[in-house]
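Asker: please find the sequence and the predicted model below.
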Amino acid sequence: MADLFDTAASTREGAAAQAPRPLADRLRPQALGDVIGQEQVLGEDAPLGVMLASGALSSLILWGPPGVGKTTIARLLADQTDLAFVQISAIFTGVPDLKKVFEAAKIRRQNGQGTLLFVDEIHRFNKAQQDGFLPHMEDGTILLVGATTENPSFELNAALLSRAQVLVLRRLSLADLERLAQRAEKELGKSLPLSGSAREALLEMADGDGRALLNLIEQIAAWKVEGKLETEALTTRLMRRASKYDKSGDEHYNLISALHKSVRGSDPDAALYWYARMLTGGEDPRYLARRITRMAVEDIGLADPQAQTICLHAWETYERLGSPEGELALAQAVIYLALAPKSNGGYAAYKAAMAAAKKTGSEPPPMHILNAPTSMMKEQGFGAGYQYDHDAEDGFSGQNYFPETMKRGVYYTPPERGFERELKKRLDYFAKLRARREESRDGRRGES
């Protein structure tokens, strides 16, 4: 009976070995030198190249988008350093599973072999689970290689980051994807039935993801077609891969930052591109309306007071029209902001005033600008000496409105751009009047 079971098991293993393997698995690099892209990490003078040359590999966090080789690099590092390769996913692994992994690694260490523990989606472990790695990293039981698509600065504990080096992997370029496509054609033993423009469209569909490209190529290789397909025929047969966009993750913040900086940099075309990227990624237009209005307040301000009004009207238009018509109103607001004169004068003045307010604490206003609704307050000097500005010949008294113990602050210094040119003229005018009033008061005090 035992022989029967052994024979059955052997048959299953043989069948599995002969089963078709996905193209991505067949093309998995067998050496680090075969990895396409990531020269900034794998090159001779790059971090991993230097570590391997010196024989001193440390724990690593591989941060990058999907399909750029994080798992492959970890596996090849284990091969090159003669470490046992153990792979787990933070999505499916709990505390009991981790304990078993650590115990097995301890046994290997006692037997003279180290363990490279590859943790996929490591950012999904909570703080306590992340802390559980620390003692095993410190005593050499494991060499940790974590993979994450999220910013480690936000998602991983400081203690874990201090014990590992973060390496940034980049999305594959079109040139990298072309090299991968050629490698796939060699493996398949035939060229893809695509025209030049269709081939370019295929590479763009992969959106920097090597695994996605190989999956698309595998689909195309199975087609029975005459001649070469043009772009339209290809896109009809293949669904374009959804853009990588997480409304609560790194891409969300990366793209809104790109939009904001394009507006600040007065580039309406780039600003529209990032606006469109966020919309096609599924971003809520109301979020964009709020951020666009913020740009008007923060980066344009009083250089063009109309900018804020245009943003609010665009926001209101979107609320009334909805999608997709209302998104055009927001796009027009983006164009207006990009072409408007830029100033952070008001923003900088506000921050400076806030800093001064926190520093001076509870300093009271000067007595002459305090109201005196009761006779007792008048006797105490409240409101004494106040000069009603409308009674002055030029409508300006030049009195001091800062606390008496505080040096007069200067917070708003408008740049000579847009409407703020006019505001600067007014500011300079009042500064001259104030200086004259102070000279006049000093003169009267000298005479008395």
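Answerer: Received it, and whenever you're ready, just let me know what you need.
Asker: quick one: contacts for residue 403?
Answerer: Listed by Cβ atoms under 8 Å, 6 or more residues apart in numbering, the contact set of residue 403 reads 360, 363-366. To be clear about C-beta, it is placed using only N, CA and C from the backbone, and glycine gets the same treatment.
Asker: using a markdown table, lay out those residues together with pLDDT.
Answerer: Listed next are these as a markdown table, based on pLDDT from 0 to 100:
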| residue | pLDDT |
| --- | --- |
| 360 | 85 |
| 363 | 85 |
| 364 | 87 |
| 365 | 90 |
| 366 | 89 |
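Asker: show me how to select, in ChimeraX, the buried members of these.
Answerer: Applied in ChimeraX, the following selects the buried portion of those according to 16 or more other Cβ atoms under 10 Å:
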select :366
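Asker: and which of the contacts of residue 403 is nearest residue 149?
Answerer: Set against residue 149, the nearest of those by Cβ to Cβ is residue 360 (46.7 Å).
Asker: got the contact list for the closest one?
Answerer: Residues near residue 360 by Cβ under 8 Å, 6+ apart: 403, 406.
Asker: thinking again about what came up before, just the contacts of residue 403 now: which is nearest residue 96?
Answerer: Checking the contacts of residue 403 one by one against residue 96 (Cβ to Cβ), the nearest turns out to be residue 360, at 57.8 Å.
Asker: separation between the closest one and residue 353?
Answerer: Residue 360 is 11 Å from residue 353, where distance means Cβ to Cβ, to the nearest Å.
Asker: please apply the same query to residue 155.
Answerer: For residue 155, the distance to residue 353 - Cβ to Cβ - is 36 Å.
Asker: can you show me the strands along this protein?
Answerer: All strands of the chain, identified by DSSP state E, fall at 60-63, 84-89, 115-120, 143-148, 165-168.
Asker: save those strands as CSV, and put in mean pLDDT too.
Answerer: Shown next, in CSV, are these (pLDDT from 0 to 100):
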stretch, mean pLDDT
strand 60-63, 95
strand 84-89, 95
strand 115-120, 96
strand 143-148, 95
strand 165-168, 94
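Asker: now the ones you listed in JSON lines, with mean neighbour count?
Answerer: Output for those, formatted as JSON lines (neighbours: other Cβ atoms under 10 Å):
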{"stretch": "strand 60-63", "mean neighbour count": "25"}
{"stretch": "strand 84-89", "mean neighbour count": "15"}
{"stretch": "strand 115-120", "mean neighbour count": "25"}
{"stretch": "strand 143-148", "mean neighbour count": "25"}
{"stretch": "strand 165-168", "mean neighbour count": "16"}
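Asker: which among those strands is found nearest to residue 25?
Answerer: strand 84-89 (14.2 Å).
Asker: which ones are touching residue 174?
Answerer: Residue 174 neighbours (Cβ under 8 Å, 6+ apart): 200, 203-204.
Asker: any of the residues you listed buried? List them.
Answerer: Buried positions within the contacts of residue 174, assessed by neighbour count (16+ other Cβ under 10 Å), are residue 203.
Asker: out of the strands of the chain, flag the one nearest residue 265.
Answerer: strand 165-168 (24.1 Å).
Asker: in its sheet, what does that closest one sit against?
Answerer: strand 60-63 (parallel) (DSSP bridges).
Asker: need the longest helix for this protein.
Answerer: For the chain, the longest helix by residue count, based on DSSP state H, is helix 420-447.
Asker: show me what contacts the nearest residue to residue 46 once chain neighbours are set aside?
Answerer: Sequence neighbours aside, residue 40 is the residue nearest to residue 46 in space, at 5.8 Å (criterion: Cβ to Cβ, 6 or more residues apart in numbering). For residue 40, the contacting residues are 46, 168, 170, by Cβ under 8 Å, 6+ apart.
Asker: show me where the stretch 301-448 of the chain has helices.
Answerer: Along the stretch 301-448 of the chain, the segments classed as helices by DSSP state H, counting those that start in this stretch run 306-321, 325-339, 345-360, 375-379, 420-447.
Asker: how about the ones you listed in JSON lines, adding distance to residue 63?
Answerer: JSON lines is the format used below for the helices of the stretch 301-448 of the chain (distance: least, Cβ to Cβ, whole Å):
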{"stretch": "helix 306-321", "distance to residue 63": "35"}
{"stretch": "helix 325-339", "distance to residue 63": "30"}
{"stretch": "helix 345-360", "distance to residue 63": "32"}
{"stretch": "helix 375-379", "distance to residue 63": "64"}
{"stretch": "helix 420-447", "distance to residue 63": "42"}
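Asker: what's the most buried one of those?
Answerer: helix 325-339 (a mean of 19; mean count of other Cβ atoms under 10 Å).
Asker: who does that helix touch, helix- and strand-wise?
Answerer: helix 250-264, helix 268-280, helix 285-295, helix 306-321 (3 or more Cβ pairs under 8 Å, 6 or more residues apart in numbering; DSSP states H and E).
Asker: still on that earlier bit, list just the nearest of the contacts of residue 40 to residue 331.
Answerer: residue 170 (29.7 Å).
Asker: one step back: redo the contacts of residue 174 as JSON lines? Include distance to residue 403.
Answerer: Formatted as JSON lines, those follow (distance: Cβ to Cβ, whole Å):
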{"residue": "200", "distance to residue 403": "67"}
{"residue": "203", "distance to residue 403": "66"}
{"residue": "204", "distance to residue 403": "62"}
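Asker: just the ones in helices from the contacts of residue 174, please.
Answerer: 200, 203-204.
Asker: state the distance from residue 252 to residue 65.
Answerer: 14 Å.
Asker: could you do residue 213 as well?
Answerer: Separation of residue 213 from residue 65 (Cβ to Cβ): 13 Å.
Asker: give me the more crowded residue out of these two.
Answerer: The neighbour comparison of residue 213 against residue 65 (other Cβ atoms under 10 Å) goes to residue 213, with 26 against 17.
Asker: now that one, nearest residue through space, not along the chain?
Answerer: Closest to residue 213 by Cβ to Cβ, 6+ apart is residue 206, at 3.7 Å.
Asker: how is the chain carved up into domains?
Answerer: Domains of the chain are assigned by automatic domain parsing as 38-168, 174-237, 250-339, 366-447.
Asker: how far does the shortest one sit from its chain's centre?
Answerer: The chain centroid and the centroid of domain 174-237 are separated by 30 Å under Cα atoms, centre = their mean, to the nearest Å.
Asker: straight-line length of that domain, end to end?
Answerer: 21 Å (Cα to Cα, to the nearest Å).
Asker: I'd like the average pLDDT over it.
Answerer: Averaged across domain 174-237, pLDDT comes to 92.
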